[in-house]
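S.K.: The following comprises the amino acid sequence and a computationally predicted model.
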Amino acid sequence: PSLRSSDLGWRIFSGELPYRDVWDHKPPDILYLNALGLVLGRGSLWGVWLIELAALLLAALVGYQLIKKAFGKLPALLSVYIMLISLSYLLADGNYTTEYTLPLQFLCLWFVLKVDSTKRTFWLTYLIGLLSGLIFFTRQNAIGVGLAIGIFLLFEGVGIRAYKKSLVRIAGMLSGAFTIGIAISLYFFSQDALADLWDVAFRYNFLYTS
């Protein structure tokens, strides 16, 4: 996965378009993250590794704050330490989609903690929706965190009979997620590659996993 994704990043870096000019079944976000890394590294893979490192450090930082808030400092330190040590075995040579979705998932959970303490509920849940959309277009099966948050916010509002608040929260999340989906779809549509994106990055994966 590391070599393949960076290879696609090179192709994008050279002006080609995923799915239309070159075949790959991964969603577009990781391919463009690799291209961005090559831009930052001026053609070197050091730029890709820098983005990987930043993503993992952000995941560790936000994860630590979340666990500390719930269970205390020591459990948070131990949990983050075990997570980082485990990743060194699970991710092998790196550049997996999991690395880039981890910080986004932790941020979603972080913002959920703040939903009840803000009057700007729609915009906070909109931000959660944006992050969930980015997660989906990086790794489709990592969307479970976003779905779980949506279900939680829905039933939390229903449980206290705050139906309007519940609808505002869900509307915010859906609006954020659709913003990402529409933006990516419009880009590939403008490049006459929307059908290719659907066929390769989604339809192929649905058929493969079934």
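M.R.: Cool, got the structure. Just so it is clear, the structure is predicted and the values come from calculations on it, not from any experiment. Numbering: from 1, shown residues only.

S.K.: Could you use CA atoms for every contact and neighbour count after this?
M.R.: Noted.

S.K.: Would you agree residue 26 is in contact with residue 198?
M.R.: No - applying CA atoms under 8 Å as the test, residue 26 and residue 198 come out as separate, 11.0 Å apart.

S.K.: These two: which is more packed in?
M.R.: Neighbour count, other CA atoms under 10 Å: between residue 26 and residue 198, residue 26 has more, with 23 against 17.

S.K.: can you give me phi and psi for that one?
M.R.: With angles defined as degrees, to the nearest 10, residue 26 sits at phi -80, psi 150.

S.K.: if you skip the residues just before and after it, what's nearest to it?
M.R.: In space, not counting the residues next to it along the chain, residue 26 is nearest to residue 201; the distance is 5.5 Å by CA to CA, 6 or more residues apart in numbering.

S.K.: Can you give me the distance of the one you found to residue 207?
M.R.: Separation of residue 201 from residue 207 (CA to CA, to the nearest Å) stands at 11 Å.

S.K.: out of the two, which sits in the more crowded spot?
M.R.: Higher neighbour count among residue 201 and residue 207: residue 201, with 20 against 8, using other CA under 10 Å.

S.K.: wait, is that one part of a helix?
M.R.: Yes - membership of residue 201 in a helix is supported by DSSP: H, G, I helix; E, B strand; the rest coil.

S.K.: now the helices for this protein?
M.R.: 2-13, 28-40, 46-71, 73-90, 97-112, 121-136, 144-159, 163-190, 194-197, 204-209 (DSSP state H).

S.K.: Can you tell me which of those is nearest to residue 20?
M.R.: For the helices of the chain, proximity to residue 20 was assessed by CA to CA; helix 194-197 is nearest, at 5.9 Å.

S.K.: Quick check: buried residues in the closest one?
M.R.: Buried residues in helix 194-197, defined by neighbour count with 16 or more other CA atoms under 10 Å: 194, 196-197.

S.K.: Make JSON lines from those residues and add pLDDT and distance to residue 105 to it.
M.R.: Formatted as JSON lines, these follow (pLDDT from 0 to 100; distance: CA to CA, whole Å):
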{"residue": "194", "pLDDT": "94", "distance to residue 105": "27"}
{"residue": "196", "pLDDT": "93", "distance to residue 105": "28"}
{"residue": "197", "pLDDT": "93", "distance to residue 105": "24"}
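
S.K.: Can you report how many residues lie near residue 189?
M.R.: Residues near residue 189, counting by other CA under 10 Å, number 14.

S.K.: Next up, the contacts around it.
M.R.: Counting by CA atoms under 8 Å, 6 or more residues apart in numbering, residue 189 touches residue 195.

S.K.: How confident was the prediction at it?
M.R.: pLDDT for residue 189: 96.

S.K.: Same question for residue 4.
M.R.: At residue 4, the pLDDT value in this model is 55.

S.K.: The one 5 residues further on now?
M.R.: As predicted, residue 9 sits at a pLDDT of 75.
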